[in-house]
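# sequence below, structure please.
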Amino acid sequence: MNVSRIDLNLLVYLDALLRERNVTRAADQLGITQPAMSNGLRRLRDLFEDPLLVRTSDGMTPTERARQLQPIVRNVLAEIEQAVQPRKPFESATSRRVFRIMASDYAESTLIPQVLRQLRLEAPDVTLDVLTPSDVSFQDVERGRVDMAINRFDDMPQSFHQAIIWEDDFSCLISRSNPILDEFILDNYLAARHVWVSKTGMGVGVGVNPEDVQRLGWVDEALDRLGKKRTISVFTRHYQVAMQLVRNNDLIATLPTRAARLQTGGGDLVVLAPPFEIPAFELKMAWSPLLQQDSGHQWLRRMIISIAQNR
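Here you go, the predicted structure:
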């Protein structure tokens, strides 16, 4: 196929169609008529010799070929968009930019305060808009509406860029008056009552089924591998709530170590290693290829990695 004979606007059409999965909405997004978009879809089907989008009971569903093409097309368009934009160096000392960051409760409590302190030194007029995972979808990040997502990700779109911020393990946060401290062994851990904290993902959450071990996360999956199960009294999505509950009750919270250590300043709480092995996890930041070459975004990424490495 002669690439010079291909209308590159068709890739823009394909990108919009695969995001919206609706001809009318894709046309509205690009500011063209619905017939023009339908004609574009017909030409795309001829070009790739594939239907690309097929009408099913769930609406317009992408074919396997379309799913393979989506990250490739997104990256190609991102590179073109970056190529035609004028490069402007980011001046941190004078910038008034707003960076929108989706951060899990864990990341917000352990990382964001450090980022904010560094911003005050290097970029005093830059503003952080910190969003929760339920505020944001992967599509928001992909389109560059959100600068960055910071979380523990089981998976993410192939088109995203990502970097590891740090690795963390787990600890148990326990009230100093809790009698379990006299003999903190697995049997006593299992006999106690526990606070569960969500491994927050993206999008709006739903209620928890205590019997669905595979969806409860790292701690309960580790126990399940031992053929064990703990008694969970409270389910929460916030680390700060979990840590307060431990302070006022005979509960145990098994948390990422960096979060647990934030609460030990008063002396009424103790941090102990769990009496069983829990695999460590990685905190990552992910961002759209649309922002990969943005000088301000590059500056922010470098700053976050530097903070993490110096902690």
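# got the end-to-end distance for stretch 39-59?
Terminal residues of stretch 39-59 are spaced 19 Å apart (CA to CA, to the nearest Å).
# now do the buried residues in that stretch.
Gly40, Leu41, Arg43, Leu44, Asp50, Leu52, Leu53 (16 or more other CB atoms under 10 Å). Quick note: C-beta positions are derived from backbone N, CA and C, even for glycine.
# show residues contacting it.
By CB atoms under 8 Å, 6 or more residues apart in numbering, the list of residues contacting stretch 39-59 from outside reads 6-7, 9-10, 13-14, 17-18, 21-23, 60-63, 65-66, 69.
# on the three-state scheme, the closest residue to Leu18 other than its chain neighbours is what?
Excluding the flanking residues, the one nearest Leu18 by CB to CB, 6 or more residues apart in numbering is Gln70, at 4.8 Å. Under DSSP: H, G, I helix; E, B strand; the rest coil, the three-state class of Gln70 is helix.
# same question, Arg55
strand.
# if we can go back for a sec, what about the buried residues of stretch 39-59, which are in strands?
Using DSSP state E, the members of these that fall within strands are Leu53.
# the buried residues of stretch 39-59 in helices, which ones?
Among the buried residues of stretch 39-59, the ones falling in helices (DSSP state H) are Gly40, Leu41, Arg43, Leu44.
# could you export these as CSV, including distance to Leu181 and pLDDT?
Converted to CSV, those look like this (distance: CB to CB, whole Å; pLDDT from 0 to 100):
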residue, distance to Leu181, pLDDT
Gly40, 67, 92
Leu41, 66, 93
Arg43, 71, 92
Leu44, 65, 93
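# which stretches of this protein form strands?
For the chain, applying DSSP E gives strands covering 53-56, 59-62, 98-103, 127-131, 148-151, 161-168, 170-175, 193-197, 231-236, 251-256, 269-272, 281-287.
# tell me what angle the fourth one forms with strand 98-103.
Strand 127-131 runs at 30 degrees relative to strand 98-103, counting by axes from the mean of the first three to the mean of the last three CA atoms, to 10 degrees.
# can you mark which positions in strand 127-131 are buried?
Val130.
# who are the packing partners of that strand?
Packing contacts for strand 127-131, counted by 3 or more CB pairs under 8 Å, 6 or more residues apart in numbering; DSSP states H and E, involve strand 98-103, helix 112-122.
# paired strands for it, with orientation please.
If you go by DSSP bridges, strand 127-131 pairs up with strand 98-103 (parallel).
# repeat that for the second one.
The partner list of strand 59-62 in its sheet, established with DSSP bridges, is strand 53-56 (antiparallel).
# identify the bridge partners of Ala163.
Taking DSSP bridges, one finds Met285 as the beta-bridge partners of Ala163.
# that one: how many residues sit nearby?
By the criterion of other CB atoms under 10 Å, Ala163 has 13 neighbours.
# distance of it from Gln293?
Distance, Ala163 to Gln293, by CB to CB, to the nearest Å: 15 Å.
# how near is Val115 to Leu128?
Taking CB to CB, one finds Val115 at 7 Å from Leu128.
# no further queries at this time; thank you.
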